[in-house]
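Q: kindly return the folded structure for what I paste below:
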Amino acid sequence: MDFFTVPTARVRVLFVFLVLTDEHRRIVHFNVTDSPSAVWTGQQIVEAFSWDTALMYLLRDRDGI
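A: Numbering: from 1, shown residues only. Predicted coordinates for the structure are as follows:
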């Protein structure tokens, strides 16, 4: 799971939220916003995993974004 930023041609910054599987580096879920919040991020995690596909571990860094 990671956030990264994308500058646009109109001088805006978009935040991309990305969830990958560890074993095959397959994209599980992604979404883009211009103003991420804790509520929005939590909702993205809920949408990325259903009850039958939730993983045992979640790897992340401690970046301040």
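
Q: got the contact list for the residue positioned nearest the centre of the chain?
A: Centroid-nearest residue in the chain: Phe17, 2.6 Å away (criterion: CA atoms, centre = their mean). When contacts are counted by CB atoms under 8 Å, 6 or more residues apart in numbering, Phe17 touches Met1, Asp2, Phe3, His29, Phe30, Asn31, Val32, Thr33, Pro36, Thr41, Gln44. In this view, the C-beta of every residue, glycine as well, is placed from N, C-alpha and C.

Q: again, only this time at 10 Å
A: Shown here is Phe17, whose contacts under the criterion CB atoms under 10 Å, 6 or more residues apart in numbering are 1-4, 29-33, 36, 40-41, 43-45, 48, 65.

Q: these in strands, which ones?
A: Asp2, Phe3, Phe4, His29, Phe30, Asn31, Val32, Thr33 (DSSP state E).

Q: just the buried ones among these, please.
A: Among these, those buried by neighbour count (16 or more other CB atoms under 10 Å) are Phe3, Asn31.

Q: pull the residues that contact stretch 28-42.
A: 1-3, 6, 8, 12-21, 43-49, 53, 55, 65.

Q: list only buried entries from the residues you listed.
A: For the contacts of stretch 28-42, buried by 16+ other CB under 10 Å: Met1, Phe3, Phe15, Phe17, Leu18, Val19, Gln44, Ala48.

Q: who is the closest residue to Thr8 other than its chain neighbours paired with across the strands?
A: In space, and not counting its chain neighbours, Thr8 is closest to Leu14: 6.2 Å by CB to CB, 6 or more residues apart in numbering. Beta-bridge pairing of Leu14 under DSSP bridges involves Val6.

Q: so what's Leu14 up against?
A: Counted by CB under 10 Å, 6+ apart, Leu14 has contacts Phe4, Thr5, Val6, Pro7, Thr8, Val32, Thr33, Asp34, Ser35, Pro36.

Q: turn those into TSV, including pLDDT and distance to Asp61.
A: Output for the contacts of Leu14, formatted as TSV (pLDDT from 0 to 100; distance: CB to CB, whole Å):
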residue	pLDDT	distance to Asp61
Phe4	91	11
Thr5	92	15
Val6	94	18
Pro7	94	21
Thr8	93	25
Val32	95	20
Thr33	95	19
Asp34	93	22
Ser35	92	21
Pro36	92	15
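
Q: that'll do, ta.
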